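Asker: Predicted model and sequence below, questions to follow.
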Amino acid sequence: MMHARALTFTRAVGGDRRAMRAEHKKPAAGRIRAVTRASGEDDEIALLEKALKMAKTRKANGEASAASAASAAPAVGGAYSGASFNVKTFNAISPVGLNKFPKGKYAVSGDDKALPGDPMAMMLRSHKLQVSEVPATVRGIVRCGAGTNNIPVKEMSELGIPVFNTPGANANAVKELVVCSLLLASRGIIEGNKHVNDVINVEENGDYAKISVRIEKDKAMFGGTEIEGKTLGVIGLGAIGSRCVWFRSRVRRLIFVARRATSLRSQGNDDSQLDV
């Protein structure tokens, strides 16, 4: 019985030694990859531990700020009496959007002194945010626009602070500016206006009669070209590009309906059933 146990132990030890020798005989590149993988895992663990530590610090600081601001937060109709969620803003953000934050529950301001405590979130447009501007109490950053190139996303991710954006929120406004720019550029409207203000008004000394004659004479300088019949090229059918295409198709539809209505009226027919 003792002999069998000794034999089993010898085989086990011998097997372990053979496995060690086989591992030692592996190519150096394999061992390097194993070490690199282990190092990468260690780095990842260290990063997560760092993020967790900073998150706990932010939580502690936020609770301290909330406690100090609790007495200053007014109740709204008795519905809410706790500390407000403080939002720091940069740039001019439309009050239409800011007014959606219920008073009392949220404190929104671009002035740190106007907030009852440290900011817990940040809202910005074109402001180039610096890491030093983000206190430990911040839990989220939002860009009121499509891009996030003015926010240090990598650094914020390492700190555990999510960054949001609002693609498409201003798409219609940009589309209208594009259409406006088409008309301004094609007909020389800005150049003509500048010519009237800086040249004609000055040279004619504000004489209305002379100015009228001069405008009629000089307007040929800014005739430009009509956009009807031209091809509209849209690069990228995102939130803005797709609206420009829709606007073009809509205008063409309205033009067709208007011409059809004119034709029906000229023939004495009713055009009230036209589909606009």
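Answerer: The structure has been received and is ready for your questions.
Asker: who's in contact with Ser249?
Answerer: With Cβ atoms under 8 Å, 6 or more residues apart in numbering as the criterion, no residue contacts Ser249. No exception for glycine: its C-beta is placed from N, CA and C like everyone else's.
Asker: what's the distance between it and Val234?
Answerer: Ser249 sits 12 Å away from Val234 when distances are taken as Cβ to Cβ, to the nearest Å.
Asker: now Lys100
Answerer: Counting by Cβ to Cβ, the separation of Lys100 from Val234 is 32 Å.
Asker: okay, these two: which has more neighbours?
Answerer: Neighbours per residue (other Cβ atoms under 10 Å) separate Lys100 from Val234, with Val234 holding more: 14 against 9.
Asker: Please work out how many residues are found near Gly168.
Answerer: Residue neighbour count, defined by other Cβ under 10 Å, stands at 14 for Gly168.
Asker: residues contacting it?
Answerer: Listed by Cβ under 8 Å, 6+ apart, the contact set of Gly168 reads Ala146, Ala239.
Asker: any idea what it is structurally, helix, strand or coil?
Answerer: When the structure is split into helix, strand and coil by DSSP: H, G, I helix; E, B strand; the rest coil, Gly168 lands in coil.
Asker: The stretch 51-200 of the chain: helices as residue ranges?
Answerer: Using DSSP state H, counting those that start in this stretch, the helices of the stretch 51-200 of the chain run over residues 95-98, 153-158, 171-187, 189-195.
Asker: Give the buried residues for the second one.
Answerer: Just to be clear, that refers to helix 153-158. In terms of neighbour count (16 or more other Cβ atoms under 10 Å), helix 153-158 has its buried residues at Val153, Met156.
Asker: Check which helices and strands it is in contact with.
Answerer: Contact partners of helix 153-158 among helices and strands, from 3 or more Cβ pairs under 8 Å, 6 or more residues apart in numbering; DSSP states H and E: helix 28-69, strand 163-165.
Asker: ok, of these, where does mean pLDDT dip lowest?
Answerer: Out of the helices and strands packed on helix 153-158, helix 28-69 stands lowest, with a mean of 67 (criterion: mean pLDDT).
Asker: neighbouring contacts of stretch 208-226?
Answerer: When contacts are taken as Cβ under 8 Å, 6+ apart, the neighbours of stretch 208-226 outside the stretch itself are Ser186, Arg187, Gly188, Ile189, Glu191, Gly192, His195, Val196, Ile200, Asn201, Glu203, Glu204.
Asker: need the contact list for Arg187.
Answerer: With contacts defined as Cβ under 8 Å, 6+ apart, Arg187 is in contact with Phe222, Gly223, Gly224, Thr225, Glu226.
Asker: tell me which element the fourth one is part of?
Answerer: Right, Thr225. Secondary-structure element containing Thr225, defined by DSSP states H and E: none, the residue being outside all helices and strands.
Asker: That one: neighbour count?
Answerer: Using other Cβ under 10 Å, the number of residues around Thr225 comes to 10.
Asker: Next: the first one.
Answerer: Other residues near Phe222 come to 16 when the count uses other Cβ under 10 Å.
Asker: Ok, the second one next?
Answerer: Other residues near Gly223 number 10, with proximity taken as other Cβ under 10 Å.
Asker: Check Arg125 too.
Answerer: 15.
Asker: which residues touch it?
Answerer: Arg125 sits next to Phe90, Asn91, Ala92, Ile93, Arg143, Cys144, Gly145 when contact means Cβ under 8 Å, 6+ apart.
Asker: Can you pick out the most distant pair from those residues?
Answerer: Of all pairs drawn from these, the widest gap by Cβ to Cβ lies between Ala92 and Arg143 and measures 14.4 Å.
Asker: Looking at these two, which has the bigger crowd around it?
Answerer: Between Ala92 and Arg143, counting by other Cβ under 10 Å, Arg143 is the more crowded of the two (23 against 9).
Asker: On the pLDDT front, check the more buried one for me.
Answerer: 94.
Asker: State the distance from it to Glu216.
Answerer: Distance, Arg143 to Glu216, by Cβ to Cβ: 49 Å.
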